[in-house]
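Visitor: sequence first, then the predicted structure, then my questions.
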2 protein chains.
Amino acid sequence: MGNDSIQQSLKLFIVLSRAHRSMNDVVNKYIAKQGLNPTEFAVLELLYHKGEQPLQQIGGKILLASGSITYVVDKLEQKEFLERIACKNDRRVTFAKITEKGKTFIESIFPDHEKKIDDIMNVLTSEEKEMATELIKKIGYNALDQEQK
Amino acid sequence: MGNDSIQQSLKLFIVLSRAHRSMNDVVNKYIAKQGLNPTEFAVLELLYHKGEQPLQQIGGKILLASGSITYVVDKLEQKEFLERIACKNDRRVTFAKITEKGKTFIESIFPDHEKKIDDIMNVLTSEEKEMATELIKKIGYNALDQEQK
DNA sequence: TCAAAATATCTCGAATTCAAATTAATTATA
DNA sequence: TATAATTAATTTGAATTCGAGATATTTTGA
């Protein structure tokens, strides 16, 4: 009945939470082994794939508070994986740009990173992955809607 | 091909991550409105449903480092939602036990909390929820296995 | 055109989380 | 027993993350 439906929902909530945690633990463990924390990796990946970005936009894309960006970018700059570049037109803005050293680094770890994720997901058939993606997407969009309210 | 399969896996990974985030944002926002942080809520819920627990076991069940437990339990004790009780047999151990005030509090917010989750999940039919649960469970277990390696 | 208000961006300090060190108890063995 | 080694539990301090404030720019309207 209506009550069963709630129980189903709660169970799905818990299962999704646990899966996400386990999944992330695997990925983060590998990233940590490379000497990065998950946020640093996310920023570096973004700069590698999308090119140089204003700090502000980095925050928007990986959903990070602006204060955290300063800190993460500091770290990556110390490691010489990126450089800060002042914007000429707008003195409020600073760009972050991946360095050659950073590029080389990420290219050395990315294949294994993808393999880890594929190893996790390949417990499902191609059709199952398709279906899971669709169902979870619905949940995600609906949650976003609920958030507005 | 093999390459498509990887793309499928990566996509599923991202979709699951985003859904988890949106879902949690909804739930956490409600919890924050009640003056708790997510960890505090998790601890209180555990004590409410499972009875008094040694601090150590709280950490095990909600996957929290022992140092974090001390902090969270301090907070909840200040709010008078739980009390520390020394163990008689083993002087190393401290129990956390929910107080009447804590019980009353959680009973006042739990129905709405469950409703939020149900609202999110009910974008799926009962059959879809069943299927999503099974698929995600597989992913979660497999990730746990990968973690061992 | 200039001043005030609104907007955008970044950094600093507070809050949260975690890892390492500390303390206590148990077990093994001399 | 008594001592040392192992195991268990907690707290302290460091690392990370976030929210509020400081600074720079743009826009509005007098």
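Guide: Perfect, thanks for sending it.
Visitor: flag every residue of chain A that's near DNA strand C.
Guide: Proximity of chain A to DNA strand C (C-beta under 7 Å from any atom of the strand) is limited to residues A:54-56, A:65-67, A:69-71, A:73, A:90, A:92-94. For the C-beta atoms, the positions are set from N, CA and C on the backbone; glycine is no exception.
Visitor: for the closest residue to A:Asp4 other than its chain neighbours, what are its contacts?
Guide: Counting by C-beta to C-beta, 6 or more residues apart in numbering or on different chains, A:Asp4 lies nearest to B:Ser126, which is 8.0 Å off, once chain neighbours are set aside. With contact set as C-beta atoms under 8 Å, 6 or more residues apart in numbering or on different chains, B:Ser126 has these partners: A:Asp4, A:Ser5, A:Gln8.
Visitor: now restrict those residues to buried residues only.
Guide: A:Gln8 (16 or more other C-beta atoms under 10 Å in any protein chain shown).
Visitor: which one of the contacts of B:Ser126 is nearest A:Asn24?
Guide: A:Gln8 (24.5 Å; C-beta to C-beta).
Visitor: helix or strand for the closest one, which one?
Guide: If you go by DSSP states H and E, A:Gln8 is part of helix A:2-33.
Visitor: looking at the contacts of B:Ser126, spot the one nearest A:Asp112.
Guide: When those are ranked by distance to A:Asp112 (C-beta to C-beta), A:Gln8 comes first, at 37.2 Å.
Visitor: tell me how many other residues surround A:Glu77.
Guide: A:Glu77 has 14 neighbouring residues, counting by other C-beta atoms under 10 Å in any protein chain shown.
Visitor: I'd say it and A:Glu83 touch.
Guide: Yes - between A:Glu77 and A:Glu83 there is a contact under C-beta atoms under 8 Å: 6.6 Å.
Visitor: next, A:Leu124: phi, psi?
Guide: Per-residue torsions, A:Leu124: phi -100, psi 150 (degrees, to the nearest 10).
Visitor: what is the burial count for it?
Guide: When counting by other C-beta under 10 Å, one arrives at 21 neighbours for A:Leu124.
Visitor: now for it: which residues touch it?
Guide: Counting by C-beta under 8 Å, 6+ apart, A:Leu124 touches A:Ala132, B:Leu12, B:Leu135, B:Lys138, B:Ile139.
Visitor: ok, 7 Å please
Guide: A:Ala132, B:Leu135, B:Lys138, B:Ile139 (C-beta atoms under 7 Å, 6 or more residues apart in numbering or on different chains).
Visitor: which one of those residues sits in the busiest neighbourhood?
Guide: For those, the largest number of neighbours (other C-beta under 10 Å) sits with B:Ile139, at 28 neighbours.
Visitor: any idea which element it lies in?
Guide: Assigned by DSSP H and E, B:Ile139 belongs to helix B:126-148.
Visitor: and that helix, how far from the chain's centre?
Guide: 17 Å (C-alpha atoms, centre = their mean, to the nearest Å).
Visitor: quick check: mean pLDDT of that helix?
Guide: For helix B:126-148, mean pLDDT rounds to 95.
Visitor: next: stretch A:39-56.
Guide: Stretch A:39-56 shows a mean pLDDT of 94.
Visitor: relative to DNA strand C, which residue of chain A is the closest?
Guide: A:Gly67 (2.7 Å; C-beta to the nearest atom of the strand).
Visitor: wait, a helix at that residue?
Guide: Yes - using DSSP: H, G, I helix; E, B strand; the rest coil, the assignment for A:Gly67 is a helix.
Visitor: got the confidence number for it?
Guide: At A:Gly67, the model reports a pLDDT of 93.
Visitor: kindly report the same for A:Leu63.
Guide: 89.
Visitor: nearest residue to the middle of chain A?
Guide: Nearest to the mean C-alpha position of chain A, by C-alpha atoms, centre = their mean, lies A:Ala42 at 5.1 Å.
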